[in-house]
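Undergrad: I would like to see how this sequence folds:
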Amino acid sequence: MPAIDSSRAPKVSVVTPVHNGAEFLGACLESVFASDYPEFEVIVVDDASTDGSASVAAQFPVRLISSTHRRGAAAARNTGAETARGDILFFLDADILIQPGTLRAIAAEFANDPAVSALFGSYGTHTVPANFFSRYKNLVHHFTHQNSSVEASTFCSGFGAIRREAFEGMRGFDPDFRYLEDIELGYRMMRAGIRIRLRKDLQFTHCKRYSFSSLIRSDVAGRAIPWTRLMLARGVFRNDLNTRWNNVLSVPVAFLLLLCPVFFRHAWAAAALSIVFLALNAKFLSLTYREGGPRFALASSLMCWFSYLYSGLGVAAGALSHGFSRTRALFRPAARVIDA
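TA: Below is the predicted model:
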């Protein structure tokens with residue numbers, strides 16, 4: 001258990017936005033109130049839910065803020081942060097479960113290291129939904145966090161903490177971003193010289209349920225397209241997270257495998273490309289074998305290959321969208337300045 005000087009123990013404000021998340025919100029809040037660190041408060045911001053999320057939250061000693069119309073997770077988090085009383089803001093999604101020692105570890109990190117202004121943890125290997133697509137995607141998240149740099153250039157709003165003054169200095173999340181608002185905030189913090197730490201030992205249980213279609217929709221519309229646009233707009237390219245060199249190289253290899261029957265008539269070409277692809281993703285696929293056995297690993301290999309195909313198309317769409325926006329901006333008439 002991390003040591004913390006009681007005279008410097010910061011209060012942690014847990015801010016949880018929720019939109020139709022009643023299925024797991026209760027379990028999320030139960031995990032928070034099972035914490036062994038007493039200096040915390042919980043603020044739940046109900047973003048116009050229609051499934052009884054507010055009723056679930058009302059069963060716990062939380063401060064509940066309800067919106068009459070949906071504004072998005074970024075705006076909901078900002079609203080919660082505005083009413084928070086804590087020194088540390090801990091943003092926690094409604095489908096995440098924490099450990100009893102999580103809040104204590106977060107408080108100790110900030111109390112004992114003044115140089116760190118923000119931190120986030122990692123998904124654990126376990127997820128509550130038992131279907132293949134949920135387990136597969138959860139392991140992708142876990143593997144990505146466990147193999148990324150501890151000196152982060154992004155932020156994770158699903159389970160990320162930040163000093164109040166740093167958050168206010170950045171003016172919070174940009175509500176115009178409906179996807180990747182945490183990544184965008186992380187880029188701004190990095191440019192401002194704010195230090196963000198990835199704590200791989202702080203692991204969380206993700207309860208999100210994925211189907212085949214929702215996984216693809218999330219990866220393409222929620223990540224590949226907007227993240228590509230964001231990276232191009234901000235000029236941020238790092239060998240980290242989902243953009244490590246082996247991930248980047250896997251995209252053309254995946255497409256070459258797809259086109260093998262058309263351009264490469266020999267079986268050796270497909271075999272060679274398959275070996276290259278497996279080598280590029282060997283560490284991740286080894287994890288799927290350890291967690292699910294040979295059948296799960298085989299299915300994960302196929303899904304991994306397919307994910308590079310549709311993610312590659314998403315990256316191309318994001319790049320084209322960014323280029324189109326830049327071109328349109330060049331021909332947009334400049335606003336006239338009218339003297340008073």
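Undergrad: how about the helices in the stretch 201-340 of the chain?
TA: Using DSSP state H, counting those that start in this stretch, the helices of the stretch 201-340 of the chain run over 212-219, 225-234, 245-263, 267-280, 282-330.
Undergrad: Need the winner for burial among those.
TA: Of the helices of the stretch 201-340 of the chain, the one with the most neighbours on average (mean count of other Cβ atoms under 10 Å) is helix 225-234, at a mean of 19. To be clear about C-beta, it is placed using only N, CA and C from the backbone, and glycine gets the same treatment.
Undergrad: For the nearest residue to L103 once chain neighbours are set aside, give me phi and psi.
TA: The shortest distance from L103 to any residue other than its chain neighbours is 4.0 Å, reached at Y37 (Cβ to Cβ, 6 or more residues apart in numbering). Per-residue torsions, Y37: phi -110, psi 120 (degrees, to the nearest 10).
Undergrad: so what are the domain limits for this structure?
TA: Per automatic domain parsing, the domain ranges recorded for the chain read 9-210, 241-330.
Undergrad: Now distance to A233 and mean pLDDT too, for those domains, in a markdown table please.
TA: Shown next, in a markdown table, are the domains of the chain (distance: least, Cβ to Cβ, whole Å; pLDDT from 0 to 100):
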| stretch | distance to A233 | mean pLDDT |
| --- | --- | --- |
| domain 9-210 | 9 | 95 |
| domain 241-330 | 7 | 89 |
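Undergrad: rewinding a little: tell me which of the helices of the stretch 201-340 of the chain approaches S122 most closely.
TA: Taking Cβ to Cβ as the criterion, S122 comes closest to helix 282-330 out of the helices of the stretch 201-340 of the chain, the separation being 12.9 Å.
Undergrad: State the distance from the residue nearest the centre of the chain to V32.
TA: The centroid of the chain falls nearest to C156 when counting by Cα atoms, centre = their mean (4.8 Å). C156 sits 17 Å away from V32, taking Cβ to Cβ, to the nearest Å as the criterion.
Undergrad: Same check on E39?
TA: 13 Å.
Undergrad: for A267, same thing?
TA: To V32, A267 is 55 Å away according to Cβ to Cβ.
Undergrad: Next: A319.
TA: When distance is defined by Cβ to Cβ, A319 is 40 Å away from V32.
Undergrad: got the contact list for G121?
TA: Contact partners of G121, counting by Cβ atoms under 8 Å, 6 or more residues apart in numbering, are 102, 145, 156, 159-160, 198-204.
Undergrad: Restricted to strands, list those residues.
TA: 159-160, 198-204 (DSSP state E).
Undergrad: Buried subset of those, written for PyMOL?
TA: In PyMOL, this line selects whichever of the ones in strands among the contacts of G121 come out buried by 16 or more other Cβ atoms under 10 Å:
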select buried, resi 159+160+198+199+202+203+204
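Undergrad: Tell me the one of the ones in strands among the contacts of G121 nearest T127?
TA: Comparing every one of these with T127 (Cβ to Cβ), the shortest separation belongs to F204, at 10.3 Å.
Undergrad: Quick one: residues in contact with stretch 312-329.
TA: Stretch 312-329 has contacts (Cβ under 8 Å, 6+ apart) with 219-221, 223-229, 232-233, 251-252, 254-255.
Undergrad: surely Y310 meets V220?
TA: Yes: in terms of Cβ atoms under 8 Å, Y310 counts as a neighbour of V220; the distance is 5.8 Å.
Undergrad: what touches both of the two?
TA: Contact criterion Cβ under 8 Å, 6+ apart; residues shared by Y310 and V220: none found.
Undergrad: Quick check: F296 touching R135?
TA: Yes: A contact is recorded between F296 and R135 when judged using Cβ under 8 Å, the distance being 7.4 Å.
Undergrad: check contacts around V62.
TA: Taking Cβ under 8 Å, 6+ apart, one finds 29, 42-44 in contact with V62.
Undergrad: tell me the secondary structure for A130?
TA: Under the three-state scheme (DSSP: H, G, I helix; E, B strand; the rest coil), the conformation of A130 reads as coil.
Undergrad: Can you give me the neighbour number for it?
TA: For A130, the neighbour count with other Cβ atoms under 10 Å is 8.
Undergrad: picking that back up, what residues does the residue nearest to the centre of the chain make contact with?
TA: Listed by Cβ under 8 Å, 6+ apart, the contact set of C156 reads 120-121, 182.
Undergrad: from those residues, which ones fall inside helices?
TA: Assignment to helices by DSSP state H places the following of the contacts of C156 there: D182.
Undergrad: Check which residues of stretch 177-191 are buried.
TA: Along stretch 177-191, these residues count as buried under the neighbour rule (16+ other Cβ under 10 Å): 177, 179-190.
Undergrad: dump the residue contacts of the spatially closest residue to V128 that is not a sequence neighbour.
TA: Closest residue to V128 in three dimensions, ignoring its sequence neighbours and counting by Cβ to Cβ, 6+ apart: C207, at 4.3 Å. Contacts for C207 were tallied using Cβ under 8 Å, 6+ apart; they are 23-24, 27-28, 95-97, 127-129.
Undergrad: ok, C207 to V18 distance?
TA: If you measure C207 against V18 using Cβ to Cβ, the figure is 12 Å.
Undergrad: okay, and the common contacts of the two?
TA: Any residue near both C207 and V18 by Cβ under 8 Å, 6+ apart counts here, and not one turns up.
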